[in-house]
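J.: need a structure here:
(2 chains)
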Amino acid sequence: DAGVTQSPTHLIKTRGQQVTLRCSPKSGHDTVSWYQQALGQGPQFIFQYYEEEERQRGNFPDRFSGHQFPNYSSELNVNALLLGDSALYLCASSRDSFGEETQYFGPGTRLLVL
Amino acid sequence: GENVEQHPSTLSVQEGDSAVIKCTYSDSASNYFPWYKQELGKGPQLIIDIRSNVGEKKDQRIAVTLNKTAKHFSLHITETQPEDSAVYFCAASDNAGGTSYGKLTFGQGTILTVHP
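T.: From the prediction side, this is the model:
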């Protein structure tokens, strides 16, 4: 059973550019959450997708947007990149069923903005 | 919103000793508390979790305790081994409107080093 996969593993961009990160959830999962993890800190919640809709959002600007596809995979888009967007971006999947909140994380995409 | 505080930030123990990491949370509506282990260059891996209707849960050398009244929960690792060395994160689930959407609020992390 494949776990959560993310692509690419590493990415280097320059300020002002746009980036798209991708995530495939664990088999049987229908909910995808995205987190940003700055160096030496805990992950911070960006948003969560369920049934192709953004269901909940953390304190991130509109430059951060996402999408969920019918096969439950998801994309995270960041526009107008800033130096401070450099971080590890983590995708986590889960099942939308009470009592099954466990989120399983992928290996992450490390983004460096120069 | 929820705020999770984690202590200590670093913990160094000898192989075979026990390690304890403590977290406090602010939102009394939180009802799910997972612990993750993150090794260098990898994503967080769930090691144990507990729900608010349970006071303690154990899985081999790992145990978690929850005190809902005091709003704190702790991770206990017994008989530590060098491969337990990693960064450990506690988290609390934010129940939006009473449904379990599963937004996790993480603590700042604890760097655990187990010396052989």
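J.: Buried residues in the lengthiest strand in chain B, which are they?
T.: Longest strand in chain B by number of residues, with DSSP state E as the criterion: strand B:86-96. By 16 or more other Cβ atoms under 10 Å in any protein chain shown, the buried positions in strand B:86-96 come out as B:Ala86, B:Val87, B:Tyr88, B:Phe89, B:Cys90, B:Ala91, B:Ala92, B:Ser93, B:Asp94, B:Asn95. For glycine as for every other residue, the C-beta is placed from the backbone atoms N, C-alpha and C.
J.: so B:Cys23 sits right up against B:Thr105, yeah?
T.: No - the pair B:Cys23 / B:Thr105 is not scored as a contact, 10.4 Å apart, by Cβ atoms under 8 Å.
J.: Identify the contacts common to the two.
T.: Common neighbours of B:Cys23 and B:Thr105 are listed as B:Val4, B:Ala92 (criterion: Cβ atoms under 8 Å, 6 or more residues apart in numbering or on different chains).
J.: So for the two, which residue has more residues nearby?
T.: Using other Cβ atoms under 10 Å in any protein chain shown as the criterion, B:Cys23 and B:Thr105 rank with B:Cys23 on top: 26 against 22.
J.: and chain A, which of the buried residues of strand B:86-96 contact it?
T.: Within the set of the buried residues of strand B:86-96, contact with chain A (Cβ under 8 Å from any Cβ of the partner chain) is found for B:Phe89, B:Ala91, B:Ser93.
J.: what would these look like in JSON lines with pLDDT?
T.: Output for those, formatted as JSON lines (pLDDT from 0 to 100):
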{"residue": "B:Phe89", "pLDDT": "98"}
{"residue": "B:Ala91", "pLDDT": "97"}
{"residue": "B:Ser93", "pLDDT": "87"}
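J.: Following the chain onward from the helix-or-strand element of chain B with minimal mean pLDDT, which element is next?
T.: Between all helices and strands in chain B, the lowest mean by mean pLDDT, DSSP states H and E belongs to strand B:99-106, at a mean of 76. Scanning forward in sequence from strand B:99-106 by DSSP states H and E, the next helix or strand is strand B:110-115.
J.: what angle sits between that next one and strand B:86-96?
T.: 150 degrees (axes from the mean of the first three to the mean of the last three Cα atoms, to 10 degrees).
J.: Pull out the buried residues from strand B:110-115.
T.: Quick answer for strand B:110-115 (16+ other Cβ under 10 Å): B:Thr110, B:Leu112, B:Val114.
J.: Out of those, flag the one nearest to chain A.
T.: B:Thr110 (10.2 Å; Cβ to the nearest Cβ).
J.: and B:Asp84, backbone torsions?
T.: phi -80, psi -10 (degrees, to the nearest 10).
J.: distance of the closest residue to it other than its chain neighbours from A:Ala87?
T.: The spatially closest residue to B:Asp84, leaving aside those adjacent along the chain, is B:Val114, at 5.1 Å (Cβ to Cβ, 6 or more residues apart in numbering or on different chains). Distance of B:Val114 to A:Ala87, given as Cβ to Cβ, to the nearest Å: 28 Å.
J.: what do you get for A:Ser93?
T.: 20 Å.
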